[in-house]
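Student: Pasting the sequence and the predicted coordinates here, then a few questions.
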Amino acid sequence: MMVPASTKISRHAVVETSSIGAGTIIEEFAIVRSGAIIGSNVRIHPFVVIGDGVEIGDDVEIFPGAFIGKEPKGARATSRPIEFDRKITIGDGTSVGPHAVIFYDVSIGNGCLLGDGASVREGCRIGASCILSRYVTVNYSTTIGDRVKVMDLTHITGNMTIEDDAFVSTMVGTANDNNIGRHAYGDEMRGPTLRKGCVVGAGATLLPNVTIGVNATVAAGAVVTRDVAADQVVGGIPAKEWKR
């Protein structure tokens, strides 16, 4: 295996690819499968697993225990069909925290931060300069724009859209199934849409297929059952407009 002289690979690592850029460090007990492409000045900490078909940009850091390239499997319990491409792209300057899990068929833009234990399912597209904080879960087929911040312990449901510059606080819950799992999976399952620059407060719950308008604000603890207009401020259970 021919790699640049400035690349350092621990003799205790398992590295099956030769597509590794200059200045990259791969530490003890990391596993990098054949077909992976690793950029320059990347640091891969111990016990990281990187599957085939993963492309990692320059100046990326991946912390211990991260799993990049998990194959989605329904274990016969998932009602929706499992479809994916065996490909992941991670942009330049991104940081992947300890024990984060990134499934196949995901793209992550430049300069993102995935916190400890974050999880991103198949079919997701994440823009540049985003934060998915500690133990955030992003379910399947969700699109997240640029400069989005999602704080600790929040669940972003499947088939959801979050536009640029939105902020989602801690422990927010989102849903995409008005039947609460009673019926088989169908195309009508849609998560909320968060428009550009909106803000969702801590502990809020957003029900299926609602839209949070541009620059709107959802107060902490609110339960949103209907659309929120642009620039509107809502709170309460169910959420209603708050007069300024």
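Tutor: That came in fine, so what should we check first? Numbering: from 1, shown residues only.

Student: State the phi and psi torsions of residue 116.
Tutor: Backbone torsions of residue 116, given as degrees, to the nearest 10, read phi -50, psi 130.

Student: Over to residue 144?
Tutor: The phi/psi pair for residue 144 (degrees, to the nearest 10) is phi -120, psi 130.

Student: Could you pull up the contacting residues of it?
Tutor: 124, 125, 126, 127, 130, 138, 150, 156, 161, 162 (CB atoms under 8 Å, 6 or more residues apart in numbering). (Glycine included, C-beta is placed from N, CA and C.)

Student: Contacts only, for the closest residue to residue 27 other than its chain neighbours.
Tutor: Of all residues not flanking residue 27 in the chain, residue 46 sits nearest, at 4.7 Å (CB to CB, 6 or more residues apart in numbering). Residues in contact with residue 46 (CB under 8 Å, 6+ apart) are 27, 28, 29, 30, 64.

Student: Recalculate using a threshold of 6 Å.
Tutor: By CB atoms under 6 Å, 6 or more residues apart in numbering, the contact set of residue 46 is 27, 28, 29, 64.

Student: can you pull up the bridge partners for residue 49?
Tutor: Beta bridges link residue 49 to residue 31, residue 67, judged by DSSP bridges.

Student: low pLDDT regions in this structure?
Tutor: Residues of the chain meeting the criterion pLDDT under 70: 1-2, 74-80, 179-188, 244.

Student: Return the distance of the spatially most central residue of it relative to residue 159.
Tutor: In the chain, the C-alpha nearest the mean C-alpha coordinate belongs to residue 120, at 3.9 Å (CA atoms, centre = their mean). Note on residue 120: its distance to residue 159, by CB to CB, to the nearest Å, is 14 Å.

Student: What's the local residue count around the nearest residue to residue 14 once chain neighbours are set aside?
Tutor: Of all residues not flanking residue 14 in the chain, residue 31 sits nearest, at 4.6 Å (CB to CB, 6+ apart). For residue 31, the count of nearby residues is 18 (other CB atoms under 10 Å).

Student: Do I have it right that residue 31 meets residue 49?
Tutor: Yes - using CB atoms under 6 Å, residue 31 is in contact with residue 49, at 4.8 Å.

Student: domains for this structure, by residue range?
Tutor: 10-114, 142-244 (automatic domain parsing).

Student: Give me the buried entries from the contacts of residue 46.
Tutor: 27, 64 (16 or more other CB atoms under 10 Å).

Student: doesn't residue 4 make contact with residue 22?
Tutor: Yes - using CB under 6 Å, residue 22 makes contact with residue 4 at a distance of 4.0 Å.

Student: These two: who's more crowded?
Tutor: residue 22 (14 against 11).

Student: Quick check: which element contains that one?
Tutor: Residue 22 belongs to no helix or strand when assigned by DSSP states H and E.

Student: quick one, what contacts it?
Tutor: Contacts of residue 22 (CB under 6 Å, 6+ apart): 4, 6, 40.

Student: let's see 10 Å
Tutor: 3, 4, 5, 6, 7, 39, 40, 41, 42, 58 (CB atoms under 10 Å, 6 or more residues apart in numbering).

Student: Buried members of the residues you listed into ChimeraX, please.
Tutor: Selecting only the buried entries of the contacts of residue 22 in ChimeraX, with 16+ other CB under 10 Å as the criterion:
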select :3,7,39,40,41,42,58
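
Student: Which two among the contacts of residue 22 are spaced furthest apart?
Tutor: 5 and 58 (17.6 Å; CB to CB).

Student: Phi and psi next, for the residue nearest to the centre of the chain.
Tutor: phi -130, psi 120.

Student: Find residues that contact each of residue 22 and residue 4.
Tutor: By CB under 10 Å, 6+ apart, the residues touching both residue 22 and residue 4 are residue 40.
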